[in-house]
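Asker: All I have is the shape, not the residue letters:
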């Protein structure tokens with residue numbers, strides 16, 4: 001088996017079906033399997049998935065394991081030399097897998113690799129960056145990160161004709177390809193993260209093992225970005241901020257961790273105010289609830 005495609009599903013069967021159809025339509029010239037790990041969805045339609053898609057192996061978790069642990073479960077069952085970690089809200093528009101695998105065959109120290117992610121309208125989506133740490137989190141807290149992303153968008157869109165990959169610090173696990181043995185050697189995703197930052201930490205650990213992570217700006221995959229969370233924006237906000245706290249505590253000294261926690265509090269208070277403008281009422285209420293839950297975590301979670 002050449003490739004195992006791992007997709008974690010949670011109550012998004014319709015979106016997942018579109019993803020699977022795009023995979024089967026576009027991915028040619030390689031022997032692959034598809035493993036869907038269902039995180040204890042309440043949707044019963046997921047049970048008919050193997051009937052609709054005989055190529056799919058369905059693994060049902062007894063509870064919602066979170067993104068990283070569910071992917072680890074999928075990789076445990078994978079038979080491929082390579083694993084592609086793919087979100088259910090992605091649409092494959094071209095066979096980006098073959099050129100990346102060819103590169104990894106030649107580059108022994110290739111760690112996590114991925115194509116450029118695009119929004120549904122074809123615009124650039126931030127899915128890679130420099131090594132995460134104190135500076136990045138400062139940018140994130142004060143929303144300066146958006147300026148950095150606009151700069152990277154301009155840089156990457158200019159480089160779309162470049163055929164060679166770019167070495168980067170991290171790549172999004174919404175569409176991440178790597179050798180199975182490398183994933184196992186790294187220890188896989190940390191179980192400490194429920195959602196968000198597990199891919200950033202994995203990339204950092206890969207670098208610590210001597211591997212290099214690569215971004216391929218000349219090939220792409222469409223990512224609908226957070227469509228799989230539907231009306232669960234509160235959980236998305238809370239889990240992201242909790243993961244930021246875990247990451248900071250693990251990779252920053254105590255002084256930096258305290259400073260980042262303070263910046264996060266300031267940032268959350270400002271977001272509670274600014275989210276009141278320009279958001280639909282239901283979405284606004286969910287995000288505000290997530291911000292308040294995150295604020296509570298800031299004072300309760302140990303450094």
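Answerer: That came through fine. Keep in mind the model is a prediction, meaning the values are calculated, not measured.

Asker: only C-alpha atoms for contact and neighbour calcs from this point on.
Answerer: Noted.

Asker: just the strands in the protein please.
Answerer: 3-9, 32-38, 56-60, 82-86, 90-91, 110-118, 124-125, 128-129, 166-168, 170-171, 175-179, 212-223 (DSSP state E).

Asker: By mean pLDDT, show me the worst of those.
Answerer: Among the strands of the chain, strand 128-129 has the lowest mean pLDDT, at a mean of 85.

Asker: neighbouring strands for that strand, and are they parallel or not?
Answerer: strand 170-171 (antiparallel) (DSSP bridges).

Asker: who touches the strand it pairs with?
Answerer: 112-114, 127-132, 199-200, 203-204, 213-215 (C-alpha atoms under 8 Å, 6 or more residues apart in numbering).

Asker: Can you spell out the domain ranges of this protein, please?
Answerer: Split into domains by automatic domain parsing, the chain comes to 3-228, 231-300.

Asker: Pick the most buried one from those domains.
Answerer: For these, the largest average neighbour count (mean count of other C-alpha atoms under 10 Å) is found in domain 3-228, namely a mean of 18.

Asker: Residue 110: what's it in contact with?
Answerer: Here residue 110 is in contact with 104, 178, 211-214 (criterion: C-alpha under 8 Å, 6+ apart).

Asker: give me that answer again for 10 Å
Answerer: 103-104, 167, 178-179, 182, 206-207, 210-214 (C-alpha atoms under 10 Å, 6 or more residues apart in numbering).

Asker: next one: residue 292
Answerer: By C-alpha under 10 Å, 6+ apart, residue 292 lies in contact with 234, 237-238, 268-269, 272, 298.

Asker: Can I get the residues you listed in JSON lines including distance to residue 38 and pLDDT?
Answerer: Output for the contacts of residue 292, formatted as JSON lines (distance: C-alpha to C-alpha, whole Å; pLDDT from 0 to 100):
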{"residue": "234", "distance to residue 38": "21", "pLDDT": "87"}
{"residue": "237", "distance to residue 38": "22", "pLDDT": "91"}
{"residue": "238", "distance to residue 38": "22", "pLDDT": "92"}
{"residue": "268", "distance to residue 38": "32", "pLDDT": "91"}
{"residue": "269", "distance to residue 38": "35", "pLDDT": "90"}
{"residue": "272", "distance to residue 38": "33", "pLDDT": "87"}
{"residue": "298", "distance to residue 38": "31", "pLDDT": "93"}
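
Asker: Lowest average pLDDT across the domains of the chain?
Answerer: Least confidently modelled of the domains of the chain is domain 231-300, at a mean of 87 by mean pLDDT.

Asker: so residue 206 touches residue 182, yeah?
Answerer: Yes - with contacts counted by C-alpha atoms under 10 Å, residue 206 reaches residue 182, the gap being 8.2 Å.

Asker: quick one: common contacting residues for the two?
Answerer: Each of 109-112, 188 lies in contact with both residue 206 and residue 182 under the rule C-alpha under 10 Å, 6+ apart.

Asker: give me every residue that touches the nearest residue to residue 83 once chain neighbours are set aside.
Answerer: If the residues on either side of it in the chain are set aside, residue 83 comes closest to residue 4, at 4.8 Å by C-alpha to C-alpha, 6 or more residues apart in numbering. Counting by C-alpha under 10 Å, 6+ apart, residue 4 makes contact with 31-35, 74-75, 77-85, 177, 180.

Asker: try residue 56
Answerer: So, once contact is read as C-alpha under 10 Å, 6+ apart, residue 56 ends up touching 5, 20, 33-36, 49-50.

Asker: Quick check: closest non-adjacent residue to it.
Answerer: residue 34 (5.0 Å).

Asker: And that neighbour, how far from residue 57?
Answerer: Here residue 34 is placed at a distance of 6 Å from residue 57 (C-alpha to C-alpha, to the nearest Å).

Asker: what do you get for residue 113?
Answerer: Taking C-alpha to C-alpha, one finds residue 113 at 24 Å from residue 57.

Asker: repeat for residue 254
Answerer: With the distance defined as C-alpha to C-alpha, residue 254 ends up 45 Å from residue 57.

Asker: Look up phi and psi at residue 172.
Answerer: Main-chain torsions, residue 172, degrees, to the nearest 10: phi -70, psi 140.

Asker: excluding its backbone neighbours, what's nearest it?
Answerer: Residue 172's closest residue in space is residue 127 (C-alpha to C-alpha, 6+ apart), at 5.1 Å.

Asker: hang on, the one you found packs against residue 214?
Answerer: No - judged on C-alpha under 10 Å, residue 127 makes no contact with residue 214 at a distance of 11.5 Å.
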